[in-house]
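K.L.:
Need a 3D model of the sequence below.
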Amino acid sequence: MAYTEKSKMTTIRYIDENLDTIRFRVKRGEKEALEQEVKASGYSAYSRYIIDAINEKAGKALLTMPRERGEKKGSTDQ
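P.N.:
Next up, the predicted model:
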């Protein structure tokens, strides 16, 4: 299925209505170190690694992952 302009607008609207963005900066070179750690830990995305690290530090499920592409609504898999 092709990604159309309508699909793009639907995605943008979903993000605007349902998700917050958190940004942070790191010193030069640290991004690469984090990338290596993420891959070495078996994660495919920074966000999953960071959310898991925050939840571990908090000692509870403080954050959850937004639905990922292809994931069905109502899925509880994190």
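K.L.:
Phi first, then psi, for the residue nearest the centre of the chain.
P.N.:
Against the mean C-alpha coordinate of the chain, by C-alpha atoms, centre = their mean, the closest residue is Ser47 at 3.6 Å. Main-chain torsions, Ser47, degrees, to the nearest 10: phi -60, psi -40.
K.L.:
check contacts around it.
P.N.:
Applying C-beta atoms under 8 Å, 6 or more residues apart in numbering to Ser47 gives the contacts Met65. All C-beta atoms are positioned from the backbone trio N, CA, C, and that covers glycine.
K.L.:
hmm, who's touching the host helix or strand of Ala33?
P.N.:
If you go by DSSP states H and E, Ala33 is part of helix 30-40. With contact meaning C-beta under 8 Å, 6+ apart, helix 30-40 is reached by Val26, Ala45, Tyr46, Tyr49.
K.L.:
Could you turn the buried ones of these into a ChimeraX selection?
P.N.:
To isolate the buried members of the contacts of helix 30-40 in ChimeraX, using 16 or more other C-beta atoms under 10 Å:
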select :49
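K.L.:
In helices only, show me the contacts of helix 30-40.
P.N.:
Tyr46, Tyr49 (DSSP state H).
K.L.:
among the contacts of helix 30-40, which two are most distant?
P.N.:
Val26 and Ala45 (16.6 Å; C-beta to C-beta).
K.L.:
mind listing the strands for the chain?
P.N.:
Using DSSP state E, no strands are found in the chain.
K.L.:
Low-confidence stretches in this protein?
P.N.:
Scanning the chain for pLDDT under 70 picks out the ranges 1, 67-78.
K.L.:
how about the helices in it?
P.N.:
Here the chain has its helices, by DSSP H, at 5-18, 30-40, 46-58.
K.L.:
how about Gly59, phi and psi?
P.N.:
Torsion angles at Gly59 (phi, psi; degrees, to the nearest 10) stand at phi 80, psi 20.
K.L.:
what about Glu17, how many neighbours?
P.N.:
Residues near Glu17, counting by other C-beta atoms under 10 Å, number 7.
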